[in-house]
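Enquirer: Here is a sequence together with a model predicted from it:
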Amino acid sequence: MSRPRVAVNEAVLRWALQRSENTPDSVRKKCPNIDEWLSGEKEPTLRQLEGFAKRTLTPLGFLFLEEPPKEELPIAHFRTHADEEPSSPSPNLMDTVHAMQRRQLWMREHLIDQAQDPLRFVGSATRDESPASIAQRMRETLGFDHDWAAQERTWEDALRAFRQAMEDAGVLVVVNGVVGNNTHRNLDPEEFRGLVLVDNYAPLTFVNGADGKAAQMFTLAHELAHIFFGSSAAFDLRDMQPADDATEKACNSAAAEFLVPRHELLQLWGSVSDAPHRLQTIARQFKVSEIVAARRALDLKLMDRDQFLAFYHEWQQSEWRTLSSRQDGGNFYHTQNVRVGRRFFSAVNRAAKEEKLLYSEAYQLTGLYGKTFDGYASELESEPTSP
């Protein structure tokens, strides 16, 4: 018996291919009749359409629409070069934002249930306030001294301390270079380097882990500033430059001042006579990467734009070579410390154990299922100190 066919608008099929960056050739193995569907000569069966939806990362319901939908992010998407803005966000970005929104909503309700007070620093800054003042309040909120980073051994140690301090202050911090744990769905740093979901109880920051690690410190500081301004957004920070938006620029200024205070940098710059090693000296002093040091020097007009871009692109090439030569592997559960977060996972795990949350819901929230979920729970419980 032949299976019933499903009427589908050819324009919707083409839209699904385009948004997923597929072509008829790339899906033909799974959908051998794709050309006939696109020409209207033949209609797919429901099962074939489900396979097409999965291959193109398209919600099945969209394929029954009479015309292609206009997908929009639920938050602002700031692009450094607005003329390069894509017609619609990628499925990977959309799915990431929606997954983070689900986490945030659950955590918000959980904290309210636990009678937690809202976080006072969320939305506490205005654009009239000086970057130095905002940066100082950012440090105070995290329990940092003025020279907090200088006390760390390396900038990588400073980055870990920064992430942990944000978690301790009540911010959910996620770093991931793929959608969930799907290594076949890489996030594109050229589309977004980070996103922020502001909330008075459970603000969330997401750093695109596919970006070079040396730039992630600046992205995280930029995101923390967004929380202080009360502004949710995704952004690409192309060439580490903000979009042409007043709040984006204010966040960038506060982030730069938080990491490398203006007054101290100007003093240090004048005291280092060996120009080629100035950036190395700044990086060591403030425990930031050299690319962040160069970004701050550009801010203060100690480097011109051409000098910075030349340095940035050279660094970027070196960073990508390092990333491509790096072997996959490592401890899967340690990776979840940044992909899921100890604090968030512990709250979800505890709610599931207390039967306040179904395990199926816990799995969906964390992206960890069955034995993998239990394994990470055991890993955290075996640690000598609580997260």
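Expert: On my side now, so go ahead. Numbers count the residues shown, from 1 in each chain.
Enquirer: Low-confidence stretches in this structure?
Expert: 1-2, 82-87, 275-276, 319-330, 384-387 (pLDDT under 70).
Enquirer: Outline the domain layout of it.
Expert: Domains of the chain are assigned by automatic domain parsing as 10-64, 81-103+119-325, 332-381.
Enquirer: just so I know, which of these lies nearest residue 70?
Expert: domain 81-103+119-325 (7.3 Å; C-beta to C-beta). To be clear about C-beta, it is placed using only N, CA and C from the backbone, and glycine gets the same treatment.
Enquirer: chain center to the closest one, what's the gap?
Expert: 11 Å (C-alpha atoms, centre = their mean, to the nearest Å).
Enquirer: do the same with stretch 58-78
Expert: With C-alpha atoms, centre = their mean, you get 21 Å for stretch 58-78.
Enquirer: Endpoints of that stretch, how far apart?
Expert: One end of stretch 58-78 sits 24 Å from the other (C-alpha to C-alpha, to the nearest Å).
Enquirer: So for it, what gets flagged as buried?
Expert: Residues of stretch 58-78 classed as buried: 58, 62-63, 68, 73, 75-78 (neighbour count, 16 or more other C-beta atoms under 10 Å).
Enquirer: returning to what we had before: could you dump the domains of the chain into TSV and include distance to residue 110?
Expert: Below are these laid out as TSV (distance: least, C-beta to C-beta, whole Å):
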stretch	distance to residue 110
domain 10-64	27
domain 81-103+119-325	8
domain 332-381	6
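Enquirer: out of those, which comes closest to residue 109?
Expert: Proximity to residue 109 (C-beta to C-beta) singles out domain 81-103+119-325 among the domains of the chain, at 8.7 Å.
Enquirer: Could I get the full set of helices for the stretch 101-250 of the chain?
Expert: Assigned by DSSP state H, counting those that start in this stretch, the helices in the stretch 101-250 of the chain fall at 131-142, 155-168, 213-229, 246-259.
Enquirer: and the ones you listed as a markdown table, adding mean neighbour count?
Expert: Formatted as a markdown table, the helices of the stretch 101-250 of the chain follow (neighbours: other C-beta atoms under 10 Å):
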| stretch | mean neighbour count |
| --- | --- |
| helix 131-142 | 19 |
| helix 155-168 | 18 |
| helix 213-229 | 25 |
| helix 246-259 | 23 |
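Enquirer: quick one: which of the ones you listed is nearest residue 370?
Expert: Comparison of the helices of the stretch 101-250 of the chain against residue 370 by C-beta to C-beta identifies helix 155-168 as nearest, at 26.1 Å.
Enquirer: Now do the closest one against helix 213-229: the angle between them, please.
Expert: When axes from the mean of the first three to the mean of the last three C-alpha atoms, to 10 degrees is applied, the directions of helix 155-168 and helix 213-229 differ by 30 degrees.
Enquirer: So which elements touch helix 155-168?
Expert: The contact analysis (3 or more C-beta pairs under 8 Å, 6 or more residues apart in numbering; DSSP states H and E) places helix 155-168 against helix 131-142, strand 172-176, helix 213-229.
Enquirer: ok, residues contacting it?
Expert: The contact list for helix 155-168 (C-beta atoms under 8 Å, 6 or more residues apart in numbering) reads 142-144, 148-149, 152, 173, 175, 205, 213-214, 216-217, 220-221, 224, 283, 287-289, 292, 338, 341-343, 387.
Enquirer: for stretch 303-317, same thing?
Expert: 212, 214, 239-240, 279, 290-291, 294-295, 297-298.
Enquirer: Which of those are buried, as a PyMOL select command?
Expert: PyMOL command restricting these to the buried ones, with burial defined by 16+ other C-beta under 10 Å:
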select buried, resi 212+214+240+279+290+291+294+295+297+298
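Enquirer: I'm done for today, thanks for sticking with me.
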